[in-house]
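Trainee: Generate a structure from the sequence data that follows.
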Amino acid sequence: MSITWNDSVPIYRQLRERVVAMILDGALNEGDPLPSVRQVAGDFQINPLTVSKAYQELVDEQLVEKRRGLGMFVIDGARDALLKSERERFLREEWPALFARLQRMGLDLKTLMREAQGSTEDPS
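Mentor: Next up is the predicted model:
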């Protein structure tokens, strides 16, 4: 598995976002263990302290918990909490600019839905 790091965002933040995406996508479920710090550091060839910092942010946000001698685990309710906070962040930070752009282009919800449904139809 390879990953391309964005130079404008600290690696620990990008790693945190990757774990968050895995929880939201269902690749990591409540109660699942996170890969070990050593494994992630080795897989992505990054400093173990970078991985630890990303994991610590997830602990601080009460999305994962440390179990002494066992590692890090996704806590119960993590996905629901993430969905709530990610939705709020989207509506606060991303939606206003997106909505303004849609208005400038004259796109309405009906057109967007028609395009979305057309792109998911089976071409065969």
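Trainee: Walk me through the domains of this protein.
Mentor: Per automatic domain parsing, the structural domains of the chain span 11-77, 79-120.
Trainee: What are the neighbouring residues in contact with the closest residue to Ala78 other than its chain neighbours?
Mentor: Counting by Cβ to Cβ, 6 or more residues apart in numbering, Ala78 lies nearest to Leu63, which is 4.5 Å off, once chain neighbours are set aside. Where C-beta positions appear, they are placed from N, C-alpha and C, glycine not excepted. Counting by Cβ atoms under 8 Å, 6 or more residues apart in numbering, Leu63 touches Val20, Ile23, Val74, Ile75, Ala78, Ala81, Leu82.
Trainee: Any chance of the domains of the chain in TSV with mean pLDDT as columns?
Mentor: Output for the domains of the chain, formatted as TSV (pLDDT from 0 to 100):
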stretch	mean pLDDT
domain 11-77	96
domain 79-120	91
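Trainee: Pick the most deeply packed of the ones you listed.
Mentor: Each of those was scored by mean neighbour count; the highest is domain 11-77, a mean of 15, by mean count of other Cβ atoms under 10 Å.
Trainee: Kindly check the end-to-end length of that one for me.
Mentor: 26 Å (Cα to Cα, to the nearest Å).
Trainee: circling back: quick one: which of the contacts of Leu63 sit in strands?
Mentor: Among the contacts of Leu63, the members falling in strands (DSSP state E) are Val74.
Trainee: Of all pairs in the contacts of Leu63, which one is the farthest apart?
Mentor: Across those, the longest distance by Cβ to Cβ is 13.3 Å; it joins Val20 and Ile75.
Trainee: what about the helix or strand that contains Arg101, distance to the chain center?
Mentor: Following DSSP states H and E, one finds Arg101 within helix 95-105. Helix 95-105 sits 24 Å away from the centroid of its parent chain (Cα atoms, centre = their mean, to the nearest Å).
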